[in-house]
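# everything below, folded, please.
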Amino acid sequence: MEKDLHERNELLTAEEVATRLRVRKNTIYVWVARREIPFVKLPGDTTRFPRILIETWLMKRSSKGKLLSKGIYLDQDIAISKEEHL
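Now for the predicted structure:
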């Protein structure tokens with residue numbers, strides 16, 4: 001149970017989010033600049049992405065996308081399988 005709480009409160013790096021969404025890290029920073037993705041700014045101008053907010057954001061974006069055969073969601077420039085949801 002403590003592990004679940006820790007995972008929900010986990011802060012991800014731009015690289016971790018990019019890897020999971022199969023986009024370039026630069027795309028993540030473009031989304032940050034446009035305020036299209038949830039993020040937090042930490043001291044030292046460090047940007048992090050709360051796992052729970054990314055999961056919620058992804059679910060909302062995926063529900064607007066098209067569900068294709070084999071469990072693939074497409075929504076603009078991201079494509080991920082259901083098994084890879086954060």
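
# where exactly do the helices run in the protein?
Under the criterion DSSP state H, helices of the chain are mapped to 2-8, 14-21, 25-33, 51-64.

# tabulate those (CSV), appending distance to residue 40, mean neighbour count and mean pLDDT.
From N, CA and C alone the C-beta is placed, and that goes for glycine too. CSV is the format used below for these (distance: least, Cβ to Cβ, whole Å; neighbours: other Cβ atoms under 10 Å; pLDDT from 0 to 100):
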stretch, distance to residue 40, mean neighbour count, mean pLDDT
helix 2-8, 14, 9, 54
helix 14-21, 12, 18, 95
helix 25-33, 10, 16, 96
helix 51-64, 9, 15, 83
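
# wait, which of these is closest to residue 45?
Each of the helices of the chain has some distance to residue 45 by Cβ to Cβ; the shortest is helix 25-33, at 11.7 Å.

# between helix 51-64 and that closest one, find me the angle.
In this structure, helix 25-33 runs at an angle of 90 degrees to helix 51-64, with axes from the mean of the first three to the mean of the last three Cα atoms, to 10 degrees as the basis.

# who's in contact with helix 25-33?
Helix 25-33 is contacted from outside by 14-15, 17-18, 21, 37, 39, 47, 49, 77, using Cβ atoms under 8 Å, 6 or more residues apart in numbering.

# let's see it at 7 Å
Counting by Cβ atoms under 7 Å, 6 or more residues apart in numbering, the neighbours of helix 25-33 from elsewhere in the structure are 14-15, 17-18, 37, 39, 47, 77.

# tell me the two of these that are most distant?
Greatest spacing in those, by Cβ to Cβ: 47 and 77 (19.5 Å).

# these two: who's more crowded?
The residue with more neighbours, out of residue 47 and residue 77 and counting by other Cβ atoms under 10 Å, is residue 47; that gives 15 against 12.
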